[in-house]
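Enquirer: Okay, predicted coordinates and the sequence, questions at the end:
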Amino acid sequence: MAQFGGMKKEELSQQLEALKKQYADYQSEGLKLDMSRGKPSPAQLDLSMDLLKITDYKGETGIDARNYGNLEGMPEARKFFADMLGAKPEETIVGGNSSLNLMFCMVDIGWRVGFPNSKKAWREETKPKFLCPAPGYDRHFRVTEYFGFELVTVPMTATGPDMDIVEKLVKDESVKGMWCVPVYSNPDGYTYSDETVKRLAKMETAAPDFKIFWDNAYCVHHLSDENHDTVLNILDECRAARNEDRPLMFCSLSKVTFPGASVAAMAAAPAMTAYMADNLFPMTISFDKLNQLHHVKYLKDMDGLAAHMKKHAAIVKPKFDAVHEIFDAELADLDETYWTRPNGGYFISLYTMHGCAKRTVQLCKEAGVVLTGAGAAYPYGIDPEDTNIRIAPTFPTLKELKEAAHVLCVCLKIATIEKLLAA
């Protein structure tokens, strides 16, 4: 039953006045709370401080990590990230601290010179397009917008992008690629189903050089051991479908250790990996191999990584639980409102009544609670229905988070009543 939808205007006005009094009380507190970005909290960053104590510089094969060379990365780092991505070491390139930087480089290669199976560079297409499952990661969209692609929105579902729409769109030869966050998507927290992955691998594309940018950013960021998501290996599925050059896979340790000083990697089929390395060669002699080596010595292997991530989950899960508890208590019957309940990742998507997201975010800001801008999770920053608000619970303390969530609930109720009264 709708909380406000069945009320008369007089009743709605009374409810609005009561909520505005609550809102004024929050404003008088001078709050300064920030839930705008998915950043690890200081407590999470503290988990990795022992990493800074490692001073070894010789790799297991005798490579001196302090010196030039080994563009593809330290051998032990290539093995570590190959295990993380589900690839082989020789298919893996280990970079610097940012997976987004590697993605930018790969879009740049496609844009400037194309890929081995390209008819021409992407920039030479009349109007190149890129598919953007939305809501999605705003920085992905910004990369392809920067290069001049037309961004084509594909609706997200609980099992991944709407594949009926994707399969129709890729019949257009000017569609050159697609962004994917396959596990605990940003911001919904959805994980691609087996069917979705298989259809992505098998689908017929008009462009022979169509690329899936597979950003597996949250593949190890589970909230618990008992109930967590997994996804099929896109590279294996594409190989089976004879499309092994289609996926470019990415991951990083940015939210595992230190976002500003971590290690990222990418993997693809062997011919693609060699092509990527050739095109990176003019840009750099090598990435930070000392940091690569120290991360592997610190985390050791996939078991060591999993043990470290349990420490993160112990800090992060209570914050997700707190948001869900407050939303359950205060928003359960609010008109047209719902939110996602991911098993991992860094975000929760809150969906409002149509036309209420921007107003809610504005009210929060004026009360001292900063959220990601409404619409940021859509191409060009435009949510056509103005419904999505990305909740980033990780950075604030638990006390701050609870207070921010309560303020958000009041703001959303005000925005909803205002919308109903204006109807």
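Expert: On my side now, so go ahead.
Enquirer: Which positions within the longest strand along the chain qualify as buried?
Expert: The single longest strand within the chain, with elements called by DSSP state E, is strand 150-157. Buried residues in strand 150-157, counted by 16 or more other CB atoms under 10 Å: Leu151, Val152, Thr153, Val154, Met156. For every residue, glycine as well, the C-beta is placed using N, CA and C.
Enquirer: Next: stretch 12-30.
Expert: Buried, per 16+ other CB under 10 Å, within stretch 12-30: Leu12, Gln15, Leu16, Leu19, Gln22, Tyr23, Tyr26.
Enquirer: got a list of contacts for stretch 267-284?
Expert: Residues outside stretch 267-284 that contact it (CB atoms under 8 Å, 6 or more residues apart in numbering): 71-72, 81-82, 85, 87, 90-93, 105-106, 109, 113, 115-116, 235, 238-239, 244-245, 247-249, 266.
Enquirer: What of stretch 379-387?
Expert: Contacts for stretch 379-387 (CB under 8 Å, 6+ apart): 132, 134-135, 138, 141, 145, 151-153, 336, 351-358, 373-375, 377-378.
Enquirer: Please, a ChimeraX command that selects the buried ones among the residues you listed?
Expert: To isolate the buried ones among the contacts of stretch 379-387 in ChimeraX, judged by 16+ other CB under 10 Å, type:
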select :132,134,135,138,141,145,151,152,153,351,352,353,355,356,357,358,373,374,375,377,378
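Enquirer: just the strands in this structure please.
Expert: Using DSSP E, strands in the chain cover 33-35, 92-94, 129-134, 150-157, 160-161, 175-180, 211-215, 247-252, 264-267, 338-339, 348-351, 369-371, 388-391.
Enquirer: elements contacting the first one?
Expert: Just to be clear, that refers to strand 33-35. Here strand 33-35 touches strand 369-371, helix 398-422, going by 3 or more CB pairs under 8 Å, 6 or more residues apart in numbering; DSSP states H and E.
Enquirer: Buried ones in it, by neighbour count?
Expert: Leu33, Met35.
Enquirer: quick thing: my sequence starts at 12, can you match it?
Expert: Sure, I'll start numbering at 12, so the last one becomes strand 44-46.
Enquirer: ok, it: who's next to it in the sheet?
Expert: strand 380-382 (parallel) (DSSP bridges).
Enquirer: Please compute how far the strand it pairs with lies from its chain's middle.
Expert: 19 Å (CA atoms, centre = their mean, to the nearest Å).
Enquirer: What of stretch 421-428?
Expert: That offset, for stretch 421-428, works out to 28 Å (CA atoms, centre = their mean).
Enquirer: Average pLDDT for it, rounded please.
Expert: On average, the pLDDT along stretch 421-428 is 97.
Enquirer: Could you do stretch 338-351 as well?
Expert: Here the average pLDDT along stretch 338-351 is 95.
Enquirer: who are the neighbours of the biggest helix by length in the chain, in terms of helices and strands?
Expert: For the chain, the helix with the greatest residue count under DSSP state H is helix 313-342. Where contact means 3+ CB pairs under 8 Å, 6+ apart, helix 313-342 is packed against helix 53-57, helix 86-96, strand 349-350, strand 359-362, helix 409-433.
Enquirer: So which of these is nearest Lys209?
Expert: helix 86-96 (18.5 Å; CB to CB).
Enquirer: elements contacting the closest one?
Expert: strand 103-105, strand 258-263, strand 275-278, helix 300-310, helix 313-342.
Enquirer: for these, which one sits closest to Leu180?
Expert: Per CB to CB, nearest to Leu180 of those: strand 258-263, 17.6 Å.
Enquirer: Name the strands paired with that closest one and say parallel or antiparallel.
Expert: Assessed with DSSP bridges, strand 258-263 is paired to strand 222-226 (parallel), strand 275-278 (antiparallel).
Enquirer: mind giving me a markdown table with these and columns for mean pLDDT, mean neighbour count and distance to Val242?
Expert: Converted to a markdown table, the strands paired with strand 258-263 look like this (pLDDT from 0 to 100; neighbours: other CB atoms under 10 Å; distance: least, CB to CB, whole Å):
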| stretch | mean pLDDT | mean neighbour count | distance to Val242 |
| --- | --- | --- | --- |
| strand 222-226 | 98 | 26 | 9 |
| strand 275-278 | 98 | 27 | 15 |
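Enquirer: Could you export those strands as CSV, including distance to Thr72?
Expert: Formatted as CSV, the strands paired with strand 258-263 follow (distance: least, CB to CB, whole Å):
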stretch, distance to Thr72
strand 222-226, 29
strand 275-278, 18
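Enquirer: quick one, which of these is nearest to Gly379?
Expert: Comparing the strands paired with strand 258-263 by CB to CB, strand 222-226 comes nearest, at 32.7 Å.
Enquirer: Only alpha carbons, please: show the closest one as CSV.
Expert: The C-alpha coordinates for strand 222-226 follow below in CSV (Å, rounded to 0.1, in the frame of the first residue of the first chain):
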residue,chain,number,x,y,z
LYS,A,222,35.0,-5.2,-28.0
ILE,A,223,33.5,-6.0,-24.6
PHE,A,224,35.2,-3.9,-21.9
TRP,A,225,34.8,-6.4,-19.0
ASP,A,226,35.6,-4.4,-15.8
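Enquirer: which residues touch it?
Expert: By CB under 8 Å, 6+ apart, the list of residues contacting strand 222-226 reads 110, 114, 117-118, 121, 126, 148, 151, 187-193, 211, 245, 249, 257-262.
Enquirer: Can you give the domain ranges for the chain?
Expert: Domain assignment for the chain by automatic domain parsing gives 20-55+317-433, 67-312.
Enquirer: Mind checking those for the one nearest to Asp61?
Expert: Among the domains of the chain, domain 67-312 sits nearest to Asp61 (CB to CB), with 6.9 Å.
Enquirer: Please report the distance of Asp299 from Ala76.
Expert: Per CB to CB, to the nearest Å, Asp299 is found 9 Å from Ala76.
Enquirer: Val231 now?
Expert: Taking CB to CB, one finds Val231 at 24 Å from Ala76.
Enquirer: Asn354 touches Asp240, doesn't it?
Expert: Yes - judged on CB atoms under 8 Å, Asn354 makes contact with Asp240 at a distance of 5.3 Å.
Enquirer: Find residues that contact each of those two.
Expert: Tyr195, Thr202, His233.
Enquirer: quick one: which of those residues is nearest Lys424?
Expert: Tyr195 (28.5 Å).
Enquirer: Just list the residues touching the residue lying closest to the closest one once chain neighbours are set aside, thanks.
Expert: Spatial nearest neighbour of Tyr195, chain neighbours left out: Gly356 (2.8 Å); criterion: CB to CB, 6 or more residues apart in numbering. Counting by CB under 8 Å, 6+ apart, Gly356 touches Val194, Tyr195, Ser196, Asn197, Gly200, Tyr229, His232.
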